[in-house]
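Peer 1: got a predicted model here, sequence first, then my questions.
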Amino acid sequence: MTDQELLNRITANPKIMVGKPVIKGTRLTVEYILNLLAHGATVTEIVEEYEGLLEADIRACLLFASRSLESTSFMPLLVEMA
């Protein structure tokens, strides 16, 4: 599946989840899926939990997040002191 095909699985509509990016045809936000992954859920567990969700939807969330951060500059959450 191409990057564009994956990204086409993500949509944003101001009337759905206050305009946050979601997996097309669901109310599952990219943020929510990333949070599940960050807290240890596996792709298999997520797909099994939500009927109709595909592994490609999870990959689409990861690609969307990656692309969203490409040109973003930000301050680190924690500054290390030498």
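Peer 2: Cool, got the structure.
Peer 1: show the end-to-end separation of stretch 5-19, please.
Peer 2: The first and last residues of stretch 5-19 sit 21 Å apart, counting by Cα to Cα, to the nearest Å.
Peer 1: mind listing what's buried in it?
Peer 2: Buried residues in stretch 5-19, defined by neighbour count with 16 or more other Cβ atoms under 10 Å: 6, 9-10, 17. Where you see a C-beta, it was placed from the backbone N, CA and C, and this is true even at glycine.
Peer 1: also stretch 26-38?
Peer 2: Neighbour-count burial for stretch 26-38 [16+ other Cβ under 10 Å]: 26, 28-30, 32-33, 36-37.
Peer 1: as JSON lines, the residues you listed with pLDDT, distance to Glu70 and secondary structure would be great.
Peer 2: Converted to JSON lines, the buried residues of stretch 26-38 look like this (pLDDT from 0 to 100; distance: Cβ to Cβ, whole Å; DSSP: H, G, I helix; E, B strand; the rest coil):
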{"residue": "Thr26", "pLDDT": "96", "distance to Glu70": "25", "secondary structure": "coil"}
{"residue": "Leu28", "pLDDT": "98", "distance to Glu70": "23", "secondary structure": "coil"}
{"residue": "Thr29", "pLDDT": "98", "distance to Glu70": "20", "secondary structure": "strand"}
{"residue": "Val30", "pLDDT": "98", "distance to Glu70": "15", "secondary structure": "helix"}
{"residue": "Tyr32", "pLDDT": "98", "distance to Glu70": "22", "secondary structure": "helix"}
{"residue": "Ile33", "pLDDT": "98", "distance to Glu70": "19", "secondary structure": "helix"}
{"residue": "Leu36", "pLDDT": "98", "distance to Glu70": "23", "secondary structure": "helix"}
{"residue": "Leu37", "pLDDT": "98", "distance to Glu70": "19", "secondary structure": "helix"}
